[in-house]
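# Take this sequence and fold it.
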Amino acid sequence: MSQLVYQLGEMLSSLRKNVAMVASVVLVTFISLTFVGAAALMQLQVNQMTEDFYDRLEISVFLCTDSSAEAACPTGAITQTQRADVEEMLTTGAASQYVSSFRHETQEQALENFQAAREDSVRAANVSAEDMPESFRLLLVDPQDFGIVNELFAGVPGVENVADQQEVLDQIFGILNGLTVVALIIAAVMIVCTVLLVSTTLRLSAFSRRRETSIMRMVGASKSMIRTPFIFEGIIAALVGSLLACAATWVIAEFLMGQWLSEQVAGIVFITAAESWIVMPALVLVAMILAGLSSWVTVRKYLRV
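Coordinates of the predicted model:
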C-alpha cells in the first residue's frame with residue numbers, strides 16, 4: 001500500500017512539473033478522440049437512416065399515359081381494364097406476396113405533389129397534369145425483392161416502367177459513409193500524434209528526473225517501482241483527454257444532432273444523447289490502451305534501470 005501511495009505521489013509531482021506538456025497531451029487526445037466519436041456517431045446515424053428509409057422505400061409502377069414514349073407503351077394510354085389487371089396483380093395476383101401495401105396516385109395527385117415539392121420552381125408552374133405519370137406506389141415486405149417485382153411487371157400492358165429510390169439512397173449513404181471515413185482518417189492521424197506526444201512527454205519527464213531515478217536505483221528500488229509513475233502519468237493525461245472527448249461527443253449527439261438538426265431537417269429521425277453513451281466507453285478504453293502501451297514502450301526504451 002505504501003508503495004502505491006509513493007508511486008501516486010511521484011506521478012502527481014511529475015504532472016505538476018510538466019504542466020505544459022501534459023496539457024498538450026490532454027488537448028491532442030481530446031481533439032483526436034472527438035473526431036473518433038463524431039465518426040462513430042455519424043455511422044450510427046447512417047445505420048439508423050438506412051434502416052428507416054428502407055422500411056419506407058416506395059416502388060413506383062408508372063402507368064402509360066398519352067405522353068408516354070411509344071416504345072414503352074405501344075398500345076397508348078392505359079385502359080380501365082389494364083389498370084384493373086395491374087391492381088389485381090397487387091391485391092391477389094403474383095405480386096401480392098411481395099407487397100405489404102400500395103396506393104394509387106392519379107396524374108392530378110402527382111402534379112400536386114410535384115408542385116408542393118418545388119414551390120419556387122418556374123418549371124413546376126408550367127407543368128400540367130397531362131405531363132405527370134399515373135402510378136401505383138408500393139411498399140414491399142422486403143425492399144430487396146425489388147428485382148422480382150420489376151420482372152413481374154415488365155411487359156405488362158399499360159405499365160410504362162418500374163422504379164425505386166434505392167439507387168438515390170445508395171448514393172446519399174455512400175457520401176455519408178465517405179465523410180465517416182474522412183473523419184476516421186483525421187482521427188487516426190491525430191491519434192498517432194497523441195502517441196508520439198505521450199512518448200515525448202515521458203522522455204522529457206524521465207530526463208528531468210534522471211537524478212531521482214539514479215538515487216532510487218542505488219537504494220535498491222525495483223524496476224516496476226521506478227517505471228510505474230511514468231506509465232501512470234501518460235495514462236492519466238490521456239484519460240482526462242478522453243473524458244473531455246466523451247463530453248464533446250455527448251454535446252454533438254444531444255444538441256447538434258438531437259435538437260438542431262432535428263428542427264432543421266424534417267422527415268429524418270436523428271440519434272440522441274442516448275447513442276453517445278454507446279461510444280463513450282470505447283473512447284476511454286482506446287485512450288487508456290494507447291497511452292498505456294506507448295508509455296510502457298517509452299520507459300523501457302529510454303528509462304534505463
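# What ranges does the stretch 101-250 of the chain have for its helices?
For the stretch 101-250 of the chain, applying DSSP state H, counting those that start in this stretch gives helices covering 107-117, 122-125, 146-153, 166-208, 210-218, 223-251.
# what's the closest of those helices to Phe270?
Across those, Phe270 has its closest neighbour in helix 166-208 (12.7 Å, C-beta to C-beta). (Glycine included, C-beta is placed from N, CA and C.)
# and the angle for the closest one with helix 223-251?
When axes from the mean of the first three to the mean of the last three C-alpha atoms, to 10 degrees is applied, the directions of helix 166-208 and helix 223-251 differ by 150 degrees.
# picking that back up, turn the helices of the stretch 101-250 of the chain into TSV, columns for mean neighbour count and mean pLDDT.
Compiled in TSV, the helices of the stretch 101-250 of the chain are given as follows (neighbours: other C-beta atoms under 10 Å; pLDDT from 0 to 100):
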stretch	mean neighbour count	mean pLDDT
helix 107-117	14	81
helix 122-125	10	62
helix 146-153	16	87
helix 166-208	16	75
helix 210-218	13	61
helix 223-251	21	82
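# So which of those helices is nearest Ala38?
Using C-beta to C-beta as the measure, helix 166-208 is the one of those that comes nearest Ala38, at 5.6 Å.
# Point out the other helices and strands that the closest one packs with.
Counting contacts by 3 or more C-beta pairs under 8 Å, 6 or more residues apart in numbering; DSSP states H and E, helix 166-208 packs against helix 2-17, helix 19-55, helix 223-251, helix 273-302.
# If we use 7 Å, what do you get?
With contacts defined as 3 or more C-beta pairs under 7 Å, 6 or more residues apart in numbering; DSSP states H and E, helix 166-208 has these neighbours: helix 19-55, helix 223-251, helix 273-302.
# for that helix, the distance to its chain's centre please.
Averaging C-alpha coordinates over helix 166-208 and over its chain gives two centres that are 14 Å apart (C-alpha atoms, centre = their mean, to the nearest Å).
# repeat for stretch 296-303
Stretch 296-303 has its C-alpha centroid displaced from the chain centroid by 37 Å (C-alpha atoms, centre = their mean).
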